[in-house]
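>>> need coordinates for the below:
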Amino acid sequence: MSAAIRGPVTERLTLAVEGGARVSALLELPGDARACYVLAHSAGAGMEQPLMSAVAAGLGARGIATLRYQFPYMERRARRPDPPALCHATVRAAVAECARRASLPLIAGGRSFGGRMTSQAQAQEPLPGVRGLAFLGFPLHPAGRPSDQRAEHLARVSIPLLFLAGTRDALAERPLLEALLARLGTRASVSWLEDADHAFHVPARSGRNDAEVMSTALESLCEWLEGLL
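Predicted coordinates:
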């Protein structure tokens, strides 16, 4: 086991996943870090997509470290996501590596598909050291097919949950997400991003831009995290 390190650090890593896969990861650890967010990417774009980079940069400026990582299919540049079991193993490898390298409180989750794979892993067996899960747009259902079946496993997650959700998110219609939050009770929180879609984009008529929406989302995440700490 390597000794835990404290920032400032930006380090590219390779994670060994159970079953033999190896994936890329990127640790960004500011010198004043008080926690680390283990951050998984969406189904269609990897860890260096602009939204992921903006989240990491914004959290770093707020004293929150991040560990971003690839799922094996994205590492292979394949279009079809890996089976859930392999995704769950990748989440566990990332959490374990983060715990080894940074002696910080951990939260986990991520962008859309990545957040859902993280919560499924947590529902099956708690992720060691993870105090809460934060979702950057939870994919409650496919666009145009309202349902909450993708969230059934959240009933088996006992740690705090934060949903950062756009009010125009076609993959998480607001009435369905609100009903889910009511069932989950006090362990679940939501920060509604007015006029934002699943990618946290807002139309010009909203009077705001995407950077302002991202800042609102990250401030909400940091406020929630302070409550955990």
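
>>> wait, what's in contact with the residue with the largest distance to the centre of the chain?
For the chain, the largest distance from the centre (C-alpha atoms, centre = their mean) belongs to residue 205, which lies 28.4 Å off. Applying C-beta atoms under 8 Å, 6 or more residues apart in numbering to residue 205 gives no contacts. Yep, even glycine has a C-beta here, placed from its N, CA and C like the rest.

>>> that one: what secondary structure?
Of the three states, residue 205 takes helix under DSSP: H, G, I helix; E, B strand; the rest coil.

>>> all numbers from here: first residue = 53
All right, first residue 53 from here; so that's residue 257.

>>> how much space separates it from residue 249?
Separation of residue 257 from residue 249 (C-beta to C-beta, to the nearest Å): 13 Å.

>>> same check, this time on residue 205
Note on residue 205: its distance to residue 249, by C-beta to C-beta, is 25 Å.

>>> any idea how far the closest residue to residue 124 other than its chain neighbours is from residue 127?
Spatial nearest neighbour of residue 124, chain neighbours left out: residue 73 (4.2 Å); criterion: C-beta to C-beta, 6 or more residues apart in numbering. As judged by C-beta to C-beta, residue 73 and residue 127 stand 8 Å apart.

>>> same question for residue 242.
Counting by C-beta to C-beta - residue 242 and residue 127 are separated by 32 Å.

>>> again with residue 258
Per C-beta to C-beta, residue 258 is found 36 Å from residue 127.

>>> show me where this protein has its strands.
In the chain, the segments counted as strands under DSSP state E are 61-68, 74-81, 87-92, 116-121, 158-163, 182-188, 213-218, 240-245.

>>> now the ones you listed in TSV, with mean pLDDT, mean neighbour count and distance to residue 278?
As requested, the strands of the chain are exported to TSV (pLDDT from 0 to 100; neighbours: other C-beta atoms under 10 Å; distance: least, C-beta to C-beta, whole Å):
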stretch	mean pLDDT	mean neighbour count	distance to residue 278
strand 61-68	94	14	23
strand 74-81	96	20	19
strand 87-92	97	26	9
strand 116-121	97	27	10
strand 158-163	97	27	11
strand 182-188	98	24	11
strand 213-218	98	25	12
strand 240-245	97	19	12
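
>>> okay, those strands in CSV with distance to residue 281 next?
CSV is the format used below for those (distance: least, C-beta to C-beta, whole Å):
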stretch, distance to residue 281
strand 61-68, 21
strand 74-81, 17
strand 87-92, 6
strand 116-121, 11
strand 158-163, 10
strand 182-188, 8
strand 213-218, 13
strand 240-245, 15
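
>>> closest to residue 102 out of the ones you listed?
Nearest of these to residue 102, taken as C-beta to C-beta: strand 158-163 at 11.2 Å.
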